[in-house]
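J.: attaching a predicted model along with its sequence, questions to come.
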Amino acid sequence: MIFVHQPNACASTGQPLLERRLLEMSEPIPPDALWIDLIEPTRQEDHKVEAYLGISIPTREEMQDIEPSELLYVENGARYMTGRLLCRVDTDDAMLTGVTFILRDNKLATVRYDDPQAFRMFVHRAARPAGVMLTGEAILAGLIETVIDRAADVLQLQGERIDRLSRLIFAEHADPSARNAELQNTLRALGRHNELLSQQRESLVSVERILLSLSASYRASKAPREIREEVRSTLRDLQSLEEHASFLSGKIQFLLDATLGLVNLEQNNIIKLFSVMAVVFMPPTLIASMYGMNFKVMPELDWGFGYPMAVVMMVVAAILPYAFFRWKRWL
């Protein structure tokens, strides 16, 4: 699909805004289109945009490269910048998707094969009067700023979830029998949070490379000061988010260590119980084995009170170790 964004004016206020519409395959691309958004484009749609802008649209496989030289480059007067954005955050199928930004002659083209929330947020913002400056550079800067805003929302949500897990891990529990299953669920939740956080950090790193490239390019080309200031401000925001993501990652590692420690304590309690039971029943077993020996001369076998005496001795031999353990507070 090809969506084109053209400058327009608000009917009530007259302020500029971006108008978005779906372009049919038979329609030509409007000459005043500032932003061309390709979503899961076909080869015919790729060729159409390539002919209009004089660029080469990267394939989906090329967008998955990890080498910086394949993600940030200039070709035929167009600047290509590919980043990885987090999408489907609100589901269990969160993933990173490649997005390529192509800037040429004050026109922006974006190529993507998924629908990150940040794009929907920016489209809604740009459709408002004076929501964005009507230049390709300003649209790109606004898009990246919205990506950072969305990353901040994700990290804030992750922080709140991690805080809830922390309170759950260290809370007192009245039912120890359910503790083991609860700790297992906690470990799984920590694993999911850590995976999502790792993906968000990877996304931030890729966007930071784009911002550093843009900053150097704008400084060399003497771009408008407003655009350069916006890129610098967005870069500072991104770096602060990276620090916050590192803090959350360290907190997850602490909670993981604490959970594993609690699991070990639960296992140690079980082993301790079996050990105490073995020690408690060892003296009665010794007494029973003594009177189970088959010797001809065993005077106790002829005693009338021999059996009750042996039973009493076994009970006392079991109670004494148990009482000792209780006195030492090992139970």
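T.: Yep, that arrived. Residues are numbered from 1 along each chain as shown.
J.: list the contacts for the spatially most central residue of the chain?
T.: Most central in the chain under CA atoms, centre = their mean is Leu196, positioned 1.2 Å from the mean C-alpha point. Leu196 is in contact with Leu86, Val89, Ala94, Val154, Gln158, counting by CB atoms under 8 Å, 6 or more residues apart in numbering. (C-beta placed from N, C-alpha, C; glycine too.)
J.: how does it look with 10 Å?
T.: Taking CB atoms under 10 Å, 6 or more residues apart in numbering as the criterion, Leu196 is in contact with Leu86, Val89, Asp92, Ala94, Met95, Val154, Leu155, Leu157, Gln158, Arg161.
J.: measure it to Thr259 for me?
T.: 18 Å (CB to CB, to the nearest Å).
J.: coming back round to it: just the ones of the contacts of Leu196 in strands?
T.: Taking DSSP state E as the definition of strands, those contribute Leu86, Met95.
J.: I'd like the contacts of Leu196 written out as TSV, with distance to Ala118 and pLDDT added.
T.: Listed next are the contacts of Leu196 as TSV, based on distance: CB to CB, whole Å; pLDDT from 0 to 100:
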residue	distance to Ala118	pLDDT
Leu86	9	83
Val89	10	73
Asp92	20	70
Ala94	14	78
Met95	14	82
Val154	10	87
Leu155	14	87
Leu157	14	88
Gln158	16	87
Arg161	20	88
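J.: buried ones among the contacts of Leu196?
T.: Neighbour-count burial (16 or more other CB atoms under 10 Å) applied to these gives Leu86, Val89, Ala94, Val154, Leu155, Gln158.
J.: closest one to Leu103 out of the residues you listed, please.
T.: Leu86 (22.6 Å; CB to CB).
J.: and that closest one, how far from Glu208?
T.: 14 Å.
J.: then Glu230?
T.: 15 Å.
J.: hang on, isn't Asn73 packed against Arg79?
T.: Just so we're on the same page, residue 73 is Tyr rather than Asn. Yes - using CB atoms under 10 Å, Tyr73 makes contact with Arg79 at a distance of 8.0 Å.
J.: got any residues that touch both of these two?
T.: Ser213.
J.: so the chain: which segments form each domain?
T.: Following the TED database, one gets these domains for the chain: 2-266, 293-328.
J.: and of these, who's closest to Thr285?
T.: domain 293-328 (8.4 Å).
J.: so, low pLDDT: which residues of the stretch 51-200 of the chain?
T.: 68-69, 130-132, 173-178 (pLDDT under 70).
J.: hmm, try it at 80
T.: Applying pLDDT under 80 to the stretch 51-200 of the chain picks out residues 62-72, 88-94, 126-136, 171-183.
J.: can you give me the strands in it?
T.: 72-75, 78-87, 95-104, 107-112 (DSSP state E, counting those that start in this stretch).
J.: for Ala288, find the nearest of those strands.
T.: Closest among the strands of the stretch 51-200 of the chain, using CB to CB: strand 95-104, at 65.0 Å.
J.: name the helices or strands packed onto that closest one?
T.: Contact analysis of strand 95-104 by 3 or more CB pairs under 10 Å, 6 or more residues apart in numbering; DSSP states H and E lists strand 35-39, helix 43-53, strand 72-75, strand 78-87, strand 107-112, helix 136-169, helix 179-221 as its packing neighbours.
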